[in-house]
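Chemist: Sequence and predicted model, in that order:
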Amino acid sequence: MERLADAGEDAIQRFGSAPGADRLLGAVNSMRDRLDEMQKRLRGLDALEKRLTAVEKRLDKVEGKGSSSTRKTSSSSSSTRRKSSSSS
């Protein structure tokens, strides 16, 4: 087990002294930061979906409709389709 740990340490040292390694490490760190930010934003989408569902139910009551339909799914997929087709 000790030989494996030593081999790993040697590989890390060689990698650190390789040309361009600092740029690669910078890119990896930047990607990690971007992924963290994206995860935070995606977590916020759950709260928005709950609020949207509540607003749709209130709107249905105001309009005199029964229960809320699956407008959330159809509206988000249709708006995505519109955005991609308009950019083509």
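Modeler: Thanks, I have it.

Chemist: what's the longest helix in the chain?
Modeler: helix 21-63 (DSSP state H).

Chemist: helices or strands next to it in the packing?
Modeler: helix 71-87 (3 or more CB pairs under 8 Å, 6 or more residues apart in numbering; DSSP states H and E). Placement of C-beta: from N, CA and C, glycine included.

Chemist: who's in contact with residue 21?
Modeler: Applying CB atoms under 8 Å, 6 or more residues apart in numbering, we find residue 21 in contact with residue 15.

Chemist: Number the chain from 4, please
Modeler: All right, first residue 4 from here; so that's residue 24.

Chemist: How much space separates it from residue 35?
Modeler: 16 Å (CB to CB, to the nearest Å).

Chemist: what's the answer for residue 6, then?
Modeler: In terms of CB to CB, residue 6 sits 30 Å off from residue 35.

Chemist: Of those two, which one has the most company?
Modeler: residue 35 (10 against 7; other CB atoms under 10 Å).

Chemist: I'd like the distance between that one and residue 57.
Modeler: Counting by CB to CB, the gap from residue 35 to residue 57 is 35 Å.

Chemist: swap in residue 25?
Modeler: On the measure of CB to CB, residue 25 and residue 57 end up 50 Å apart.

Chemist: From residue 36, how far out is residue 10?
Modeler: The value you get for residue 10 to residue 36, if CB to CB is used, is 30 Å.

Chemist: What residues sit buried inside stretch 46-54?
Modeler: By neighbour count on 16 or more other CB atoms under 10 Å, the buried set for stretch 46-54 is empty.
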